[in-house]
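A.B. asks: any chance you could fold what I've pasted below:
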Amino acid sequence: MSHGEGSCSSSCGSLQNIKYPFHLRGDPVECGGSDFELNCEGNNTILEIHQSKYYVKDISFHDYKITLVDVNLAHDNCSLLSGSIYPGDYNETFWLDWQDIQGQATFINCSVKINISSYEIVPCLSKSNSTIYVISDSSYIGNLATNCQFLYTIPMIKK
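C.D. replies: Just a heads-up that it's a prediction; the model follows:
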């Protein structure tokens, strides 16, 4: 295989034709930058962002879009995400298009039950001593209720 932008191509599991700027760990350095390094674990292609792991489900080189699923949510289990991600946290070349985003969802953890209509309980994440809420109205984020702490924010994508 010759190296460089136009000639590097790899695959992992069902994700075929991984090419520049992406590359698999262990590929020659000429195949892509460190921001775009992917790992192949058990036939799953994984991208790490802020030390959190995401399965790469699709890469569209035509539309400059990448489809990611948090590894904690990949098997329909109800668990907290690894952390916040925002457009611009990653490389601007291959990231979320602001036109695709309809807002953000902020998750908070409260030590007492809160009766605010914009706070929606996430039952499968809540425990007897804490309740996890999701807030989609950003006007409530700056004024978190007493006994609540910020967990993370994720973008909400238009369908």
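A.B. asks: do you know the pLDDT at the closest residue to Cys110 other than its chain neighbours?
C.D. replies: Closest residue to Cys110 apart from its sequence neighbours, by CB to CB, 6 or more residues apart in numbering: Cys148 at 4.1 Å. Where C-beta positions appear, they are placed from N, C-alpha and C, glycine not excepted. What the model reports for Cys148 is a pLDDT of 91.
A.B. asks: just Glu5 next, same as before
C.D. replies: Confidence at Glu5, expressed as pLDDT, is 54.
A.B. asks: please apply the same query to Ser2.
C.D. replies: In this prediction, Ser2 carries a pLDDT score of 38.
A.B. asks: just the strands in this structure please.
C.D. replies: Using DSSP state E, the strands of the chain run over 9-12, 15-19, 23-24, 37-41, 44-49, 52-60, 65-70, 101-110, 120-121, 131-135, 148-157.
A.B. asks: pLDDT weak spots in this protein?
C.D. replies: 1-7, 73-77, 79-101, 138-141, 157-159 (pLDDT under 70).
A.B. asks: so which of the strands of the chain gets nearest Glu30?
C.D. replies: Each of these has some distance to Glu30 by CB to CB; the shortest is strand 23-24, at 8.8 Å.
A.B. asks: parallel or antiparallel, which strands does that closest one pair with?
C.D. replies: Sheet pairing for strand 23-24, assigned by DSSP bridges, gives strand 37-41 (parallel).
A.B. asks: in the partner strand, what's buried?
C.D. replies: Across strand 37-41, burial judged by 16 or more other CB atoms under 10 Å covers 37-38, 40.
A.B. asks: same thing with stretch 106-124?
C.D. replies: For stretch 106-124, by 16+ other CB under 10 Å, it's 106-110, 114, 119.
A.B. asks: Ser11: which of the buried residues of strand 37-41 is nearest?
C.D. replies: Cys40 (8.6 Å).
A.B. asks: how far away is the closest one from Phe61?
C.D. replies: When distance is defined by CB to CB, to the nearest Å, Cys40 is 19 Å away from Phe61.
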